[in-house]
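>>> Fold the following, please.
(2 chains)
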Amino acid sequence: MIQLQGLSKIYPSKNGPVAALRSVDLTVADGEIHGIIGASGAGKSTLVRCINLLERPTGGRVLVDGEDLTRAKPARLREVRRKIGMIFQNFCLLEQRDVAGNVRFPLELAGLKRGKADERVKELLSLVGLTDKIGAYPSQLSGGQKQRVAIARALATGPRYLLCDEATSALDPATTASVLNLLKDINRTLGVTVVVVTHEMKVIEKICDTVSVIGDGTVAESGAVSEVFADPRSSAARELILPEAYRVGKAAEGEKRIRLIFDGERPTNAPIVSSLSLDLGVPVNILYADTRLIDGRTVGQMVISLPQGGDLSEKVERYLTGKEVRFREEN
Amino acid sequence: MSELAVQLFESGAFGEAIWATVYMTVLSTAIAYLFGLPLGTLLYATDRGGVMQCLWLNRVAGTLVNLVRSIPFIVVMFAFLPLARAIVGTSVGNRAMVVLLVVAATPYVARMTESSLKEVDAGVIEAAKAMGASPFRIVVKVILPEAKPSLIVGAVISTVTVIGYTAMSATIGGTGLGQIAQIFGYTRNKQDIVWLSVLFLVIVVQVFQETGMLVARLTDKRLSAGRKNKKTEKIPQNGN
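Residues are numbered from 1 along each chain as shown, chains lettered A, B, ... in the order given. Below you'll find the predicted structure:
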């Protein structure tokens, strides 16, 4: 388990100290894929780099399997880092070593005998599907292949955790999908706990079990992906998850807006809006509607606008509650 | 061509001079690297943000390097002649010259090395850190190998600089092409001999330069990986 407690990171700058992280609390349970999403500059990269102390936090604790890494001696920290693999946006492969040499590198650090190491390299390359590239150099590989090599390298010492810092941000959509599938496979078959930092919603939707939304250096919201994405509450999460089209102008004076939430738990095949309109005789205006597939469930939202007048909204709300539709008043 | 020039050719003096130049250059550059490579690595690693940050040591080493670097070679020769005598037992001849060349070239090599190492991608170093590599391992297994092509280019540039120094050493008794140009060309006013020395020096420089760059290119896996692995390259890319 990874636990960040009261984590803060303050950089000195010319214009006084700048807080990249302020008192972040975050827990990643074993076996899950946890997404960390945020706008650029929100501090999500700093956050993930604090987990293996590539970035030393200025306050708080980093507990990995209960051990506070901020207090670990350098030698102990290096030991712990071997059970925390990491991959990067720019792959960071050794350009002067071939594929086998790159994957072997952490094994050399661990002091494995050459023969044993070579065997392990072959295993890992077959895991990531790159057996035929064993003698190739990074300069001969495509982005997706480089990231696969990086994944094989990160997994070489059999880590329990894998940190992915914008690992698919430099890849095209198809390649991104295949790398994400690989990460999910690794999580399911090897039981490696994965922490994924990204600015792309798609990445979170596709592979994450839980998500933390980072805004302004702190965790704005955290929870199961389908829950957070269906009903984002914090402004940071709403800005990220609800697309621009959603924020259609300002509501007129007296106009009532209601957001219907489809969280995939309740049936979505009932014609809610038209039956609402027919049963209550209310002319409903649909401002925005969107659904996405998360973990096999349809999650989405619809924003409707009601005309002015009396207790109309109350009636509508009662009606929706009766139909077991989740909703939230908007303004 | 002047009679003297013909004589120099026939007596094999030119051949000997070329050999002396090459010998002094190669030997002193090699020794300069023996000291300069570790010194340059130290400058790089102990600098602010370096893998073994140690600012006072960095400052001491940096000042020492700058000190020697700021003395013109001709003055280095006069200043360190006693040192040469102490080390090789004589202050004349090429053995003494080698000592002086090493003194002058080592700081230069250190700076060349430092600048080559600075080119190594910080991300790769970070990845090694994340894998639990110690600072020493990062230097030996990541930074130096990754900087190899650039280090070779640096060695070529250093070598060419040392060739220039060897010619200057003629003023205090060094041999080689510089000496021929000086005592037969300049002192006896035979301009053709000066130009012949120039020609041979240019050839020597060219040979070092071209072979060095070729080696750098051939060993750089970022560029020449295809040469060694043509087969791998021809396998069609698998989509990702």
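>>> low-confidence ranges in chain B?
Counting by pLDDT under 70, chain B shows low-confidence ranges at B:224-240.
>>> and the longest helix seen in it, does that touch chain A?
Criterion DSSP state H: the longest helix present in chain B is helix B:13-46. No - applying Cβ under 8 Å from any Cβ of the partner chain, one finds helix B:13-46 separated from chain A by no less than 15.2 Å. For the C-beta atoms, the positions are set from N, CA and C on the backbone; glycine is no exception.
>>> Show me what from the stretch 101-250 of chain A comes close to chain B.
Neighbours of chain B within the stretch 101-250 of chain A, by Cβ under 8 Å from any Cβ: A:105-106, A:108-110, A:129, A:132-133, A:135-140, A:142, A:144-145, A:148, A:150, A:153-154, A:157, A:163, A:174-175, A:178-179.
>>> Give me the buried entries from those residues.
By neighbour count, with 16 or more other Cβ atoms under 10 Å in any protein chain shown, these hold A:105-106, A:108-109, A:133, A:136-140, A:144-145, A:148, A:150, A:153-154, A:157, A:163, A:175, A:178-179 as buried.
>>> Among those residues, which ones are in helices?
Members of these lying in helices (criterion: DSSP H): A:105-106, A:108-109, A:144-145, A:148, A:150, A:153-154, A:175, A:178-179.
>>> tell me the helices in chain A, going along the chain?
Secondary structure of chain A (DSSP H): helices at A:44-51, A:74-81, A:99-109, A:114-127, A:143-155, A:173-190, A:201-207, A:225-230, A:235-241, A:272-280, A:312-322.
>>> State the pLDDT value of residue A:329.
At residue A:329, the model reports a pLDDT of 81.
>>> Please name the bridge partners of it.
Assessed by DSSP bridges, residue A:329 has beta-bridge partners residue A:258.
>>> Skip the chain neighbours and tell me the closest residue to residue 193.
Here I'm looking at chain A. Spatial nearest neighbour of residue A:193, excluding adjacent residues (Cβ to Cβ, 6 or more residues apart in numbering or on different chains): residue A:161 at 5.0 Å.
>>> My question was about chain B, not that one.
Per Cβ to Cβ, 6+ apart, closest to residue B:193 is residue B:185, 3.9 Å.
>>> Can you report how many residues lie near that neighbour?
Close neighbours of residue B:185, defined as other Cβ atoms under 10 Å in any protein chain shown, add up to 23.
>>> For my notes, confirm it occurs in a helix.
Yes - checked against DSSP: H, G, I helix; E, B strand; the rest coil, residue B:185 lies within a helix.
>>> Could I get the buried residue list for stretch B:109-120?
Using 16+ other Cβ under 10 Å as the test for burial, stretch B:109-120 gives B:109, B:110, B:111, B:112, B:113, B:114, B:116, B:117, B:120.
>>> And the helices in chain B, which stretches?
Going by DSSP H, chain B shows helices at B:3-10, B:13-46, B:55-69, B:73-88, B:93-118, B:122-130, B:135-137, B:144-146, B:148-168, B:177-179, B:191-219, B:221-228, B:230-234.
>>> Pull the distance from the fourth one to the chain's centre.
Looking back up the chat, that one is helix B:73-88. 19 Å (Cα atoms, centre = their mean, to the nearest Å).
>>> Using PDB, write out every CA atom in that helix.
The C-alpha coordinates for helix B:73-88 follow below in PDB (Å, rounded to 0.1, in the frame of the first residue of the first chain):
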ATOM      1  CA  PHE B  73      50.900  27.300 -23.100                       C
ATOM      2  CA  ILE B  74      54.100  29.100 -23.700                       C
ATOM      3  CA  VAL B  75      54.100  30.300 -20.100                       C
ATOM      4  CA  VAL B  76      53.100  26.900 -18.800                       C
ATOM      5  CA  MET B  77      56.300  25.600 -20.500                       C
ATOM      6  CA  PHE B  78      58.500  28.000 -18.600                       C
ATOM      7  CA  ALA B  79      56.600  27.700 -15.300                       C
ATOM      8  CA  PHE B  80      56.500  23.900 -15.200                       C
ATOM      9  CA  LEU B  81      59.900  23.100 -16.600                       C
ATOM     10  CA  PRO B  82      61.200  22.400 -13.100                       C
ATOM     11  CA  LEU B  83      58.300  20.000 -12.500                       C
ATOM     12  CA  ALA B  84      59.300  18.200 -15.700                       C
ATOM     13  CA  ARG B  85      62.800  17.900 -14.500                       C
ATOM     14  CA  ALA B  86      61.700  16.600 -11.200                       C
ATOM     15  CA  ILE B  87      59.500  13.900 -12.900                       C
ATOM     16  CA  VAL B  88      61.500  12.700 -15.900                       C
END
